[in-house]
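Enquirer: would you be able to build a 3D model of this:
(one chain, ligands or ions: 1)
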Amino acid sequence: MSTPTAIRHRPHQLAYALAVTPLLRWLIAHHSVPADQPWRTGCPVCATALWPAACTPSGQCRTCQARVGAPPYAVELVAVVAFGLLAASGTRGWELAAYTWWSLGLLVLALIDAAVLRLPHRLTLATTAGTVLLLTPVTASASAWWSAIVGAACLAGFYALIHAATRGGLGLGDVAVAVPIGIGVGWLDWRLIAVAAVLGHSLAAATIPIRRMTGTAPSPVPLGTYLIAGSLLIVVVAGVL
Ligand SMILES: [Zn+2]
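Expert: This is a model prediction of the structure:
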């Protein structure tokens, strides 16, 4: 789907991606704390303020070199790939802005969930609200909006049922993050949410034998991270990214 125009825009997209990664790193480090602790504001070892000391691509505190927040270069790599795919897709205008916001919001949530098994509602809300606001000016048929609404309702409803059936075994954070996932995937085709969910669960299941082979201690699987990965893949394959 690449167009000459899209290719010309790509260097700008990559520059934008690298420009926002320090902020994304700060968001991840700030929110990567257990549910019973206050949001992190400083390095856990030397207490230097997170911004800007712990927002470099290396993921290390500039003062004491301790590892803080997301893994080294992970945010930068994923952001550049996401922006590159967006640029290559030919998507433009408000829809491009909406899917950029959606991708980056979900990237932050995925890395927080991977770190501390938590999906902060404030970030889920910001991702959802920003995506909806940016899609509002898009000249789209009413069916796209209905598809997004149905997608969000079906996916969040499904996980709400699992949350109730497992008596909280599946967290409310996973239920809530199904809303922006359902909107972003459903905007394309609400039926794709089933594919995204199956793919997410398959990715999560695939890590179990890998963990056994590598001798990693058994621990809860960050389902949200895999659901987000599955939804990003589906959107990429569907051609928006
Ligand atoms: Zn430090």
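
Enquirer: enumerate the residues of the chain near the ion.
Expert: Proximity of the chain to the ion (Cβ under 5 Å from the ion) is limited to residues Cys43, Val45, Cys46, Thr48, Cys61, Thr63, Cys64, Ala66. All C-beta atoms are positioned from the backbone trio N, CA, C, and that covers glycine.

Enquirer: find the nearest non-adjacent residue to Val198, please.
Expert: The shortest distance from Val198 to any non-neighbouring residue, by Cβ to Cβ, 6 or more residues apart in numbering, is to Gly230 (7.7 Å).

Enquirer: mind telling me what element the most centrally placed residue in the chain is part of?
Expert: The chain has Leu106 as the residue nearest its centroid, 1.7 Å off, counting by Cα atoms, centre = their mean. Leu106 belongs to helix 93-116 when assigned by DSSP states H and E.

Enquirer: domain parsing of this structure, as residue ranges.
Expert: Listed by automatic domain parsing, the domain ranges of the chain are 1-90, 127-241.

Enquirer: got a markdown table for those domains, with mean neighbour count and mean pLDDT too?
Expert: Listed next are these as a markdown table, based on neighbours: other Cβ atoms under 10 Å; pLDDT from 0 to 100:
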| stretch | mean neighbour count | mean pLDDT |
| --- | --- | --- |
| domain 1-90 | 17 | 85 |
| domain 127-241 | 18 | 89 |
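
Enquirer: any chance of the ones you listed in JSON lines, with distance to Ala114 too?
Expert: Converted to JSON lines, these look like this (distance: least, Cβ to Cβ, whole Å):
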{"stretch": "domain 1-90", "distance to Ala114": "9"}
{"stretch": "domain 127-241", "distance to Ala114": "5"}
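
Enquirer: coming back round to it: the residue nearest to the centre of the chain is in contact with Ala126, isn't it?
Expert: No - applying Cβ atoms under 8 Å as the test, Leu106 and Ala126 come out as separate, 11.2 Å apart.

Enquirer: ok, back up a step: nearest to His30 among the residues of the chain next to the ion?
Expert: Cys43 (11.9 Å; Cβ to Cβ).

Enquirer: go ahead and confirm the closest one touches Cys55.
Expert: No - contact criterion Cβ under 8 Å: Cys43 and Cys55 do not qualify, at 11.2 Å.

Enquirer: now the phi/psi pair for Ala49, please.
Expert: phi -50, psi 140 (degrees, to the nearest 10).

Enquirer: I'd guess Ala206 is in a helix, am I close?
Expert: Yes - per DSSP: H, G, I helix; E, B strand; the rest coil, Ala206 lies within a helix segment.

Enquirer: next one: it from Gly230, what distance?
Expert: Using Cβ to Cβ, to the nearest Å, Ala206 is found at 11 Å from Gly230.

Enquirer: swap in Ala17?
Expert: Relative to Gly230, and taking Cβ to Cβ, Ala17 is found at 22 Å.

Enquirer: related to what we said a few turns ago, with secondary structure added, can I get the residues of the chain next to the ion in a markdown table?
Expert: Formatted as a markdown table, these follow (three-state DSSP):
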| residue | secondary structure |
| --- | --- |
| Cys43 | coil |
| Val45 | coil |
| Cys46 | coil |
| Thr48 | coil |
| Cys61 | coil |
| Thr63 | coil |
| Cys64 | coil |
| Ala66 | coil |
